[in-house]
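Trainee: My questions concern the predicted model and sequence given below.
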Amino acid sequence: MDVELHFKVQDLNARYVHAIDADRLEEWPDFFAEDGRYRVTTVENVERGLPLSLIYATSRAMMRDRINSLRNANVYESQRYRHAVGAALIEPADGGIVRAVTNFLVARIMHTGETTLFATGRYEDRIALAADRPHFVEKTVILDSRQIDTLLAIPL
Amino acid sequence: MDVELHFKVQDLNARYVHAIDADRLEEWPDFFAEDGRYRVTTVENVERGLPLSLIYATSRAMMRDRINSLRNANVYESQRYRHAVGAALIEPADGGIVRAVTNFLVARIMHTGETTLFATGRYEDRIALAADRPHFVEKTVILDSRQIDTLLAIPL
Amino acid sequence: MDVELHFKVQDLNARYVHAIDADRLEEWPDFFAEDGRYRVTTVENVERGLPLSLIYATSRAMMRDRINSLRNANVYESQRYRHAVGAALIEPADGGIVRAVTNFLVARIMHTGETTLFATGRYEDRIALAADRPHFVEKTVILDSRQIDTLLAIPL
């Protein structure tokens, strides 16, 4: 049923962004398959067919490493994100996988309280929805702007 | 069923903003009835009962002309939008039409990468939802700010 | 049913923010129980376990007083809000109450037209959903930034 399907994707997206925004970053890798892929790129790269990535992780282990680095570097403490995600466009694919495209806007709040519109773009996801624990097989974060802060550290 | 109704409106809104944000502007007129109306105004005009519009199109043909102009002027290439739309407030009307009011926030991303909160407001729509292809009979974009960039070019 | 439950919360949230954004502030107290609580605090206070509040109302009567003050002070006329709220994370609690956590981004539009990203954060709500008129028993607005404009006047 269409409504049920959309609801499950919406719920996964909501839990994903709440975990990040509440600084529960250790939970972030658990939203992915063991060999899941997380990639951050720009719309410019995608339109030019360039396989360039700003961030590319191909397993949960790599994602855990990334979070460990963040925690040790303590960079993450100086900032916080707040996501607004839209309704997903969904397309069933093979093997119980669905493809979902979702708009996002992310505000960044510095420890000083300064708030800016940090990043916008769309998620292009492949989701294992039928699993006991719905999760991302692949998440591609396509940023609208190529001018992303070099402190891009927290997962988007 | 209420949930089903809201879901259909949400889906139409999501497809509408994704088409614009992905620069598939040629698809934009197809979200309207052949004699559909698209109007951009401000909350100030609405509250004063003024029938002024910043943009007013009364057919798909006019909308197509508008997109052609944009493409030829090449203005659109220098900017990109990203919409966040909320949940709609829905009211069934006569003849299979529903009225929907929806909040929106639009970020604008210049080709330099500069990102700003460009426009906010609400959509007041009349939607032919029972049609094979749900579409807008009328879409009124009510902007919160009267200080809108004169480059207002891409549909909101 | 999960979908139905989420839908009801989404609908309450949508009506709540539309009332505020359309300046129908007199309706605001009616979204609460007679002895409902409305509290605005910061994520910093919450994480430190500090019971500090920027705003705290413990009844509809107090909320009505607040709106009356706003109207008389005429401060509210100089600004307008526009909310983007996300999908809620929901947890059923006792006595027909559900707990809901929802992301929000609020734009503020000054009468000059100047638009800024004013506030971001999450709502932590307790909702009487089974009532004829679903309403908030408690709404805690947790702001990401401690640097909130002193003109914080309109309900968030």
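Mentor: That came through fine.

Trainee: List the contacts of the nearest residue to A:Asp144 once chain neighbours are set aside.
Mentor: On the basis of CB to CB, 6 or more residues apart in numbering or on different chains, the spatially nearest residue to A:Asp144 that is not a chain neighbour turns out to be B:Ile109, at 4.1 Å. (Each C-beta comes from the backbone N, C-alpha and C, glycine too.) Going by CB atoms under 8 Å, 6 or more residues apart in numbering or on different chains, B:Ile109 touches A:120, A:144-145, B:79-82, B:115.

Trainee: Looking at those residues, which are in strands?
Mentor: A:120, B:79-82, B:115 (DSSP state E).

Trainee: quick revisit: name the element the residue nearest to A:Asp144 belongs to?
Mentor: Secondary-structure element containing B:Ile109, defined by DSSP states H and E: strand B:97-110.

Trainee: next structured bit after the host helix or strand of A:Glu44?
Mentor: With elements delineated by DSSP H and E, A:Glu44 resides in helix A:43-47, which encompasses its position. Past helix A:43-47, further along toward the C-terminus, the next helix or strand under DSSP H and E is strand A:55-57.

Trainee: Let me see the mean pLDDT of that following strand.
Mentor: Along strand A:55-57, the predicted confidence averages to a pLDDT of 93.

Trainee: The longest helix seen in chain A near chain B anywhere?
Mentor: Counting by DSSP state H, the longest helix found in chain A is helix A:2-21. Yes. Contact between helix A:2-21 and chain B is present through A:2-3, A:6 (criterion: CB under 8 Å from any CB of the partner chain).

Trainee: If any of those are buried, put those into a ChimeraX selection.
Mentor: In ChimeraX, this line selects whichever of the residues of helix A:2-21 next to chain B come out buried by 16 or more other CB atoms under 10 Å in any protein chain shown:
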select /A:3,6
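
Trainee: could you pick out which of the residues of helix A:2-21 next to chain B are near chain C?
Mentor: Restricting the residues of helix A:2-21 next to chain B to contacts with chain C (CB under 8 Å from any CB) yields A:Val3.

Trainee: could you redo the residues of helix A:2-21 next to chain B as a markdown table and give each row pLDDT?
Mentor: Converted to a markdown table, the residues of helix A:2-21 next to chain B look like this (pLDDT from 0 to 100):
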| residue | pLDDT |
| --- | --- |
| A:Asp2 | 85 |
| A:Val3 | 89 |
| A:His6 | 92 |
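
Trainee: Once you drop chain neighbours, what's closest to the single nearest residue of chain A relative to chain C?
Mentor: Among residues of chain A, the one nearest chain C by CB to the nearest CB turns out to be A:Gly113. It sits 2.7 Å away. Spatial nearest neighbour of A:Gly113, chain neighbours left out: C:Gln147 (2.7 Å); criterion: CB to CB, 6+ apart.

Trainee: pLDDT score assigned to the one you found?
Mentor: 80.

Trainee: Look at it and tell me its secondary structure.
Mentor: When the structure is reduced to helix, strand and coil (DSSP: H, G, I helix; E, B strand; the rest coil), C:Gln147 reads as coil.

Trainee: Just to check, it is in contact with A:Met110?
Mentor: No. Counting by CB atoms under 8 Å, C:Gln147 sits too far from A:Met110 to count as a contact (9.2 Å).

Trainee: how about the closest residue to chain B within chain A, phi and psi?
Mentor: Nearest to chain B, among the residues of chain A, is A:Gln147, at 2.6 Å (CB to the nearest CB). Geometry field for A:Gln147 lists phi and psi as phi -90, psi 70, criterion degrees, to the nearest 10.

Trainee: Just list whatever residues bridge to the residue nearest to A:Asp144.
Mentor: Counting by DSSP bridges, B:Ile109 forms beta bridges with B:Arg80, B:Thr115.
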